[in-house]
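*Asks:* Next input, structure requested:
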Amino acid sequence: MRWAPERPTGTGVLVLAGSSGRIDTDRARIFAEHGCLAESTRWFGGTGQHTSPWEIPLETFFQRIDWLKTECDRVWVAGTSFGSEAALLVGALSDDVAEVIAFAPSDVVWAGYDGDRETSHWTLRGQALPYVPFDWNEHVAQTPAHFRPLYEKSWSTAGHAATTARIPVEHINRLVLVAGGDDQVWPSVAHAQRIVAHRAQAGLVTQLIVHPHAGHRTILPGEHPVTTGATMMRGGNENADRELGSQAWPVILNELTTTR
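*Replies:* Here you go, the predicted model:
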């Protein structure tokens with residue numbers, strides 16, 4: 001779906017939701033209200049698509065970036081959670097992405113499931129990308145599901161797999177990271193800090209906005225809390241999630257202004 005701005009600024013934004021698989025209408029609408037041609041696409045769970053996020057072709061996103069390029073002077077990609085994985089990957093692999101905004105980011109590619117086996121979240125030119133496998137040892141099933149300990153343990157025991165699965169964030173032009181310290185889906189602040197460190201080694205500056213009490217889902221000014229998606233512990237609370245969004249939004253708006 002596309003949202004056209006009343007006063008175009010020349011920026012296009014591809015908005016990617018996470019494991020809910022939804023079209024992120026609220027976030028795309030807000031970008032359009034600030035002059036961006038915004039598009040949000042369902043990247044799994046739709047007709048002819050995988051029912052869950054496994055082996056999703058990155059070409060899915062490159063095609064949408066190509067379309068935005070025909071209408072815009074520059075293209076951003078904004079992704080959340082699993083969508084931030086995609087945003088960071090396409091930003092690193094495509095020279096056509098001017099900036100990436102990653103909410104609850106990951107610094108590595110994670111595993112997905114096709115119903116029978118563990119595999120990568122993503123493919124490129126038909127080949128599955130290297131990923132960090134899950135370490136289920138000592139994992140305790142809970143209701144609602146609590147995945148942060150699983151992600152922390154899996155990364156710490158992955159060894160070389162974590163190195164080969166690392167997203168080459170040093171190839172991203174400009175980058176804003178937004179993370180909540182109470183994220184209970186995965187440790188997004190630790191992920192973000194590793195991203196910042198890798199980019200710093202390459203002489204690149206990264207903008208990182210953190211709220212210690214926010215959870216997995218940042219709420220930007222003008223957005224409604226998201227109530228869809230799988231039932232799981234996400235951490236934070238509405239007030240803290242909104243505070244994180246209020247801290248991040250001026251940074252994002254400043255980027256919109258300075259990159260024109």
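
*Asks:* Can you say which helix or strand has the most centrally placed residue in the chain in it?
*Replies:* Residue closest to the mean C-alpha point of the chain, counted by CA atoms, centre = their mean, is residue 84 at 1.2 Å. Per DSSP states H and E, residue 84 falls inside helix 82-93.

*Asks:* Find the nearest non-adjacent residue to residue 174, please.
*Replies:* residue 99 (4.1 Å; CB to CB, 6 or more residues apart in numbering). Glycine gets a C-beta too; all of them are placed from N, C-alpha and C.

*Asks:* Please report how far the one you found lies from residue 18.
*Replies:* Residue 99 is 19 Å from residue 18, where distance means CB to CB, to the nearest Å.

*Asks:* Residue 86 too?
*Replies:* Applying CB to CB, the value for residue 86 to residue 18 is 9 Å.

*Asks:* Now for these two: what residues contact both?
*Replies:* Contact criterion CB atoms under 8 Å, 6 or more residues apart in numbering; residues shared by residue 86 and residue 18: residue 79.

*Asks:* what about the two, which has more around it?
*Replies:* Taking neighbours as other CB atoms under 10 Å, residue 86 and residue 18 compare with residue 86 leading, 26 against 23.

*Asks:* Quick one: mean pLDDT for the lengthiest helix in the chain?
*Replies:* The longest helix of the chain (DSSP state H) is helix 238-258. Helix 238-258 shows a mean pLDDT of 96.

*Asks:* Give me the contact list for that helix.
*Replies:* Residues outside helix 238-258 that contact it (CB under 8 Å, 6+ apart) are 9, 11, 34-36, 99, 101, 103, 174, 176, 178, 180, 182, 207, 209-211, 213-215, 217-221, 223, 225, 236.
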